[in-house]
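Undergrad: please find the sequence and the predicted model below.
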Amino acid sequence: MKLFKKLALSLSLFALITSVAKAEDTVKVGVLHSLSGTMAISETSLRDILLFTFDEINASGGVLGKKIEPVVVDGASDWPTFAEKAEQLLAQDKVAVTFGCWTSVSRKFVLPIYEKYDGLLFYPVQYEGEEMSPNIFYTAEAVNQQAIPAVDYLLKEGYKKFYLIGTDYVYPQTTNLVLFEYLQSKGIPVENIGGGLRRDASGEVISAGKYTPFGHTDYQQIVAEIKAFAASGDACVINTINGDSNVPFFKEIAASGLTADDCPIVSYSLSEDEFRSLPTKDLVGHLGCWTYFMSLDTPANEKFVKNFQNWLKNDAPSYVQKEGRVTCSPMVLSYNGVYLWKAAVEKAGTFDVDEVIEALWSGISFDGPGGTVKTQPNHHLTKNVYIGETLEDGQFEILESFENVYGEPFLKGTFN
């Protein structure tokens, strides 16, 4: 009996030592995305690309000799849940960094949590700007790296009427207010900006465009309105609908007979990944503006796509969808974020958040699949911008590109 107790004690001690050794050999990293609900159509792929990136880095020796240990949580397309999971990652799991969020409302909910615990969040999805938290790095496209270049392209192509449609939350609302002001500065009259305006008691425009809730499915009336708006010609649509509502919206566009020749739609939250759920044969010619397209013909992108496909085939967890996978800008901006964090940690020589942020301020570069990106003191990135036209296979033909565009988060009120 005594021998048995001694053996049990020895095994427990061995397990404890092994556990401690494992903890010393790893660094916990948070993944905070919607894996269920209306935003899962977009965010699940960001979880997948992060897992791929962690495996790629671990295979090459990790970060400061430590292997990345992902802690994956589900924001469930519910904003209070995002805040709850963010606090779990920081207070309980003690992650060194988090990569996550898609919608601005989810980011707004977790922002005070990261500031309270002095955590670090990398945010990878295009957004409205007008924000700069000391605890967030925005690898995302700022308004001047997506919304403004796309509008400039449409203006150059001769379009004179702009219909604004989006999901009813902060990103579309703020972006469309910025665009309303920008279009006016370019000589577009108020009556040529469709979707509706809302003014306060003083007459100032406080909302521009038409908005639908998350998960909205009935776009028949709105598409009829767009069709009437476009009947006189020279009209286009700025689409900031997020999540799976894009599916019924574009199906209704196709059913209405509207084509890109009649009225091109430029989408700011719709990429190759979401196209897998859409009737792309009916959407040929519509536009996207991102800082990466899968169709980029560069050695860095070819290597990235090939490595991701090989990982899906050979190393991805069983719950990761394997077939028909593509890459897109939010995925690449997630990938870039991990490598920028890794470089900053190695420059600082520590995982300490304040020292890592200081290293990021100094200007860290990474040659990513979409071109070289570089961190800025305002917590945004300098990067390339591309405008593309949708092809029948769900890819984009690149029409125009802009190199080394500095990320400017504060644009509202600067055009007059």
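TA: The structure has been received and is ready for your questions. Numbers count the residues shown, from 1 in each chain.
Undergrad: only C-alpha atoms from now on, for both contacts and neighbour counts.
TA: Will do.
Undergrad: ok, and the closest non-adjacent residue to residue 305?
TA: residue 327 (7.1 Å; C-alpha to C-alpha, 6 or more residues apart in numbering).
Undergrad: may I have the predicted confidence score for that neighbour?
TA: Residue 327 carries a pLDDT value of 98.
Undergrad: and the gap between it and residue 373?
TA: Distance from residue 327 to residue 373, counting by C-alpha to C-alpha, to the nearest Å: 18 Å.
Undergrad: where along the stretch 151-300 of the chain do the strands fall?
TA: Taking DSSP state E, counting those that start in this stretch as the criterion, the stretch 151-300 of the chain carries its strands at 161-167, 193-194, 197-199, 205-208, 210-212, 235-240, 265-267, 287-290.
Undergrad: now residue 80: closest residue in space, sequence neighbours ignored.
TA: Nearest one to residue 80, counting by C-alpha to C-alpha, 6+ apart, is residue 109 at 6.8 Å.
Undergrad: quickly note the distance from that neighbour to residue 273.
TA: From residue 109 over to residue 273 the distance is 25 Å, taken as C-alpha to C-alpha.
Undergrad: who's more crowded, these two?
TA: residue 273 (23 against 19; other C-alpha atoms under 10 Å).
Undergrad: from residue 149, how far off is that one?
TA: For residue 273, the distance to residue 149 (C-alpha to C-alpha) stands at 22 Å.
Undergrad: for residue 289, same thing?
TA: Separation of residue 289 from residue 149 (C-alpha to C-alpha) stands at 8 Å.
Undergrad: which of the two has more neighbours?
TA: Per other C-alpha under 10 Å, whichever of residue 289 and residue 149 has more neighbours is residue 289, with 32 against 20.
Undergrad: residues touching the more buried one, list them.
TA: Residue 289 makes contact with 146, 147, 149, 150, 266, 267, 268, 385, 386, 387, 388, according to C-alpha atoms under 8 Å, 6 or more residues apart in numbering.
Undergrad: can you pull the contacts of the first one?
TA: Spelled out, that is residue 146. 126, 268, 289, 290, 291, 385.
Undergrad: kindly recompute the last result at 7 Å.
TA: 289, 290 (C-alpha atoms under 7 Å, 6 or more residues apart in numbering).
Undergrad: tell me if residue 373 really is in a strand.
TA: Yes: checked against DSSP: H, G, I helix; E, B strand; the rest coil, residue 373 lies within a strand.
Undergrad: my read is that it contacts residue 363, right?
TA: No: Residue 373 is beyond contact range of residue 363, at 9.8 Å (criterion: C-alpha atoms under 7 Å).
Undergrad: okay, these two: which has more neighbours?
TA: For residue 373 versus residue 363, the count of surrounding residues by other C-alpha under 10 Å is larger for residue 373: 27 against 17.
Undergrad: mind checking pLDDT for the more buried one?
TA: The model reports residue 373 with a pLDDT of 98.
Undergrad: quick check: closest non-adjacent residue to it.
TA: Spatially, and ignoring its direct neighbours in sequence, residue 373 is nearest to residue 383 (4.8 Å; C-alpha to C-alpha, 6+ apart).
Undergrad: can you tell me the SS state at the one you found?
TA: The local conformation at residue 383, judged by three-state DSSP, is strand.
Undergrad: distance-wise, check the nearest residue to residue 233 once chain neighbours are set aside relative to residue 228.
TA: Nearest non-adjacent residue to residue 233, counting by C-alpha to C-alpha, 6+ apart: residue 262, 7.1 Å away. Counting by C-alpha to C-alpha, the gap from residue 262 to residue 228 is 11 Å.
Undergrad: before we move on, back to that, what's the neighbour count on the residue nearest to residue 233?
TA: By other C-alpha under 10 Å, the residues close to residue 262 number 16.
Undergrad: list the contacts for residue 173?
TA: residue 207.
Undergrad: flag the shaky bits of the stretch 301-416 of the chain, pLDDT-wise.
TA: Applying pLDDT under 70 to the stretch 301-416 of the chain picks out residues 416.
Undergrad: hmm, try it at 80
TA: By pLDDT under 80, the weakly predicted segments of the stretch 301-416 of the chain are 412-416.
Undergrad: mind listing the strands for it?
TA: Applying DSSP E, counting those that start in this stretch to the stretch 301-416 of the chain gives strands spanning 365-368, 371-375, 381-390, 396-405.
Undergrad: deepest of those, which one?
TA: Using mean count of other C-alpha atoms under 10 Å, the stretch among the strands of the stretch 301-416 of the chain with the largest mean neighbour count is strand 381-390, at a mean of 23.
Undergrad: that one packs against which elements?
TA: strand 287-290, strand 371-375, strand 396-405 (3 or more C-alpha pairs under 7 Å, 6 or more residues apart in numbering; DSSP states H and E).
Undergrad: for residue 82, see how far away the nearest residue to residue 390 once chain neighbours are set aside is.
TA: Of all residues not flanking residue 390 in the chain, residue 396 sits nearest, at 4.6 Å (C-alpha to C-alpha, 6+ apart). Per C-alpha to C-alpha, residue 396 is found 32 Å from residue 82.
Undergrad: how about the contacts made by the nearest residue to residue 192 once chain neighbours are set aside?
TA: Leaving aside its sequence neighbours, residue 192 sits nearest to residue 161 (C-alpha to C-alpha, 6+ apart; 4.7 Å). Contact analysis of residue 161 by C-alpha under 7 Å, 6+ apart lists 192, 193, 234, 235, 236.
Undergrad: need the strands of the stretch 151-300 of the chain in a markdown table (columns: distance to residue 117 and mean pLDDT).
TA: Formatted as a markdown table, the strands of the stretch 151-300 of the chain follow (distance: least, C-alpha to C-alpha, whole Å; pLDDT from 0 to 100):
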| stretch | distance to residue 117 | mean pLDDT |
| --- | --- | --- |
| strand 161-167 | 31 | 98 |
| strand 193-194 | 43 | 96 |
| strand 197-199 | 38 | 94 |
| strand 205-208 | 34 | 93 |
| strand 210-212 | 34 | 97 |
| strand 235-240 | 32 | 98 |
| strand 265-267 | 35 | 97 |
| strand 287-290 | 32 | 97 |
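Undergrad: pick the most deeply packed of those strands.
TA: Comparing those by mean count of other C-alpha under 10 Å gives strand 287-290 as most buried, with a mean of 28.
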